[in-house]
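>>> following is a predicted model, sequence given first.
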Amino acid sequence: MNFGIILDNLNLYWQGLLLTVQLTVLSLGLGLGLAIPLSIVANSGNGLARGLVFGYSYFFRGTPLLVQIYLIYFGTGQFEGIRDSILWPALSQAYWCALIAFALNTGAYTTEILRGAIKSTPRGEIEAARAVGMSTAMMYRRIILPSAFRRALPAYGNEMIFMLQGTSLASVITLVDLTGAARIVNSRYYSPYEAFITAGLLYMALTFTIVMLVKWLERHWFAYLRPREG
Amino acid sequence: MKKLAAALFMLGLALLTGQIQAKEWKEVRIAIEGAYPPFSTVDQAGNLQGFDVDIARALCEAMKVQCKLVKSDWDGMIPGLLARKFDAIVSSMSATEERKQAVDFSKKYYQVPARFVRKKGSTIEITPERLKGKTIGVQRATIHDKYLSDNYGDIVKINRYDTQDAANQDMLAGRVDLLLADYTALLDGFLNTPAGKDFELVGPPLTDPKWFGEGVAVAVRKQDKDLRELFNKAIDTIRADGTYKKIQDKYFDFDIYGQ
């Protein structure tokens, strides 16, 4: 057991940690931004639009994240048409390929979480909103979405953690995230235990941050359910 | 008293069988990567093929032992060997100082220099000034990876791949400016394939033993000295009886054994 090699490579781990956090936060943000409109569409009356959203979410939930990354990274590199297109500056970078794959993947799961939460909005809330004369847009903004977010929070907390762990796959397309850093240290010193336990502990610390964040949000959003104090 | 006797008996049995296992190699499990043409690939039926595979089979025959070939990821080779997932590595692994800290090596069974590859028409030369800011693709945890990290780590971007195939693909896609790998692996796995027609070798052959070791050899666990000796003898045998030459001619038109 030699943790000196970890100390020698602290900077590598630190850079990896930053990249992991960056990929997680950005892909969750983009995924959520994608999921909110799509989950509304999924509850709309337009059958074609509903079908398209279902197709998207089924593809990204139906295939492994690793396969999606391979498709976006190696798959796009195969076609000259794509290599000559305006998309190539982004797709030629492993970073953007990973981010696109992660965002689309978490977007699909989040769409399903929100779709269910919106669908289970109590009938009475919608009727009350209609009764005071709210437009559909206002009803979504003030009543349905806030209420859906509350119901979706526990499941979405899980999705955030899954996404954090999922970013470890970025290391297969040359990115040096936390797992990438551990793989470099492992390959240089043949010390898989030290290399990966360090990465594992750092992932656990990041997960703890997410758990705390969800707890804080729960306390905030469910404040109205707590008995009045004092 | 009975318990003690039983425990001693079990201990004796364990020692005895342990000794038998150490003395006689009935089955040797050999790790091969399977993604390093022409040394090892996986054919359409999923079977391991290539120079390493043929050499491994020939060595087993010369040692008169049963062999089981195990496909293993490259960066899991040494950890897998130490964890007793298999007993030897015959997978184009160069005997370097670093690796000798962890495992023992037989005598070499081949040796080729490392080379850079660039796109035809590219002006990149292998000098610190001309390499600055370039992206070089390399297989993770190889001697080439180590060589680049030590010599050019500060001035180039190193893209590390799980397999050489993946690095070649990214060269094709234009995501990397240069590749660094074994001459033969580059030749047969890339340059001599239809995909590699727009690419060429650049820079001198690299052989510095500090990074590139003393050739490619069979890796075994440090405690398995007997197995290492078996491999050494087997390498001599197939070199002497023409088996080696026959296998070599199947894959290469030059002497791969080196000096």
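In hand now; what should we look at?

>>> any residues of chain A in contact with chain B? List them.
Residues of chain A found near chain B (C-beta under 8 Å from any C-beta of the partner chain) are A:74, A:77-78, A:83, A:92, A:94, A:172, A:174, A:180, A:183-184, A:186-188, A:190, A:192. Where C-beta positions appear, they are placed from N, C-alpha and C, glycine not excepted.

>>> show me which of those residues are buried.
The neighbour-count criterion (16 or more other C-beta atoms under 10 Å in any protein chain shown) marks A:74, A:77, A:83, A:92, A:94, A:172, A:174, A:180, A:183-184, A:186-188, A:190, A:192 among these as buried.

>>> show me the shaky parts of the chain.
I went with chain A, as the question did not name one. A:230 (pLDDT under 70).

>>> not what I meant, chain B
Applying pLDDT under 70 to chain B flags the ranges B:1-23.

>>> from the residues of chain A next to chain B, which two are the most distant?
Greatest spatial distance among the residues of chain A next to chain B (C-beta to C-beta): A:R83 and A:Y190, at 37.5 Å.

>>> list the contacts of A:T106.
Residues counted as contacts of A:T106 (C-beta atoms under 8 Å, 6 or more residues apart in numbering or on different chains) are A:S27, A:L28, A:G31, A:L32, A:E159, A:F162, A:M163, A:G166.

>>> which stretches of chain B form helices?
Here chain B has its helices, by DSSP state H, at B:2-23, B:51-63, B:77-82, B:97-102, B:128-131, B:143-152, B:164-172, B:183-186, B:209-212, B:225-240, B:243-251.

>>> what does chain A give?
Shown for chain A, the helices assigned by DSSP H span residues A:4-8, A:10-42, A:47-62, A:65-70, A:76-77, A:80-83, A:88-91, A:94-119, A:123-131, A:136-139, A:145-166, A:178-189, A:192-221.

>>> quick one: buried residues of the second one?
Buried residues in helix A:10-42, counting neighbours by 16+ other C-beta under 10 Å, are found at A:12-13, A:16-17, A:19-21, A:23-24, A:27-28, A:30-32, A:34-36, A:38-42.

>>> please work out which of the helices of chain A is packed deepest.
helix A:178-189 (a mean of 24; mean count of other C-beta atoms under 10 Å in any protein chain shown).

>>> show me what it is packed against.
helix A:4-8, helix A:10-42, helix A:192-221, helix B:143-152, strand B:157-161 (3 or more C-beta pairs under 8 Å, 6 or more residues apart in numbering or on different chains; DSSP states H and E).

>>> reformat those as a markdown table; add distance to A:R123.
Below are the helices and strands packed on helix A:178-189 laid out as a markdown table (distance: least, C-beta to C-beta, whole Å):
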| stretch | distance to A:R123 |
| --- | --- |
| helix A:4-8 | 57 |
| helix A:10-42 | 18 |
| helix A:192-221 | 21 |
| helix B:143-152 | 62 |
| strand B:157-161 | 55 |
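
>>> so which of the ones you listed is nearest B:D87?
In terms of C-beta to C-beta, the element of the helices and strands packed on helix A:178-189 nearest to B:D87 is helix A:192-221, at 18.8 Å.

>>> who's in contact with the closest residue to A:I210 other than its chain neighbours?
Leaving aside its sequence neighbours, A:I210 sits nearest to A:M160 (C-beta to C-beta, 6 or more residues apart in numbering or on different chains; 5.0 Å). Counting by C-beta under 8 Å, 6+ apart, A:M160 touches A:T24, A:L28, A:I210, A:V214.

>>> which ones are touching the residue most central in space within chain A?
Nearest to the mean C-alpha position of chain A, counting by C-alpha atoms, centre = their mean, stands A:L28 at 3.5 Å. Contacts for A:L28 (C-beta under 8 Å, 6+ apart) come out as A:T106, A:M160, A:M163.

>>> closest one of these to chain B?
The closest of these to chain B turns out to be A:M163 (C-beta to the nearest C-beta; 22.3 Å).

>>> for the nearest residue in space to the closest one that is not next to it in sequence, give its distance to A:G51.
Nearest residue to A:M163 in three dimensions, chain neighbours excluded: A:T106, at 4.8 Å (C-beta to C-beta, 6+ apart). As for A:T106, its distance to A:G51 is 22 Å (criterion: C-beta to C-beta, to the nearest Å).

>>> how many neighbours does B:D165 have?
Neighbourhood size, B:D165 [other C-beta atoms under 10 Å in any protein chain shown]: 17.

>>> dihedrals phi and psi, the residue in the stretch 1-150 of chain B positioned nearest to chain A?
For the stretch 1-150 of chain B and chain A, the shortest gap (C-beta to the nearest C-beta) falls at B:A141, measuring 3.0 Å. Per-residue torsions, B:A141: phi 70, psi 20 (degrees, to the nearest 10).
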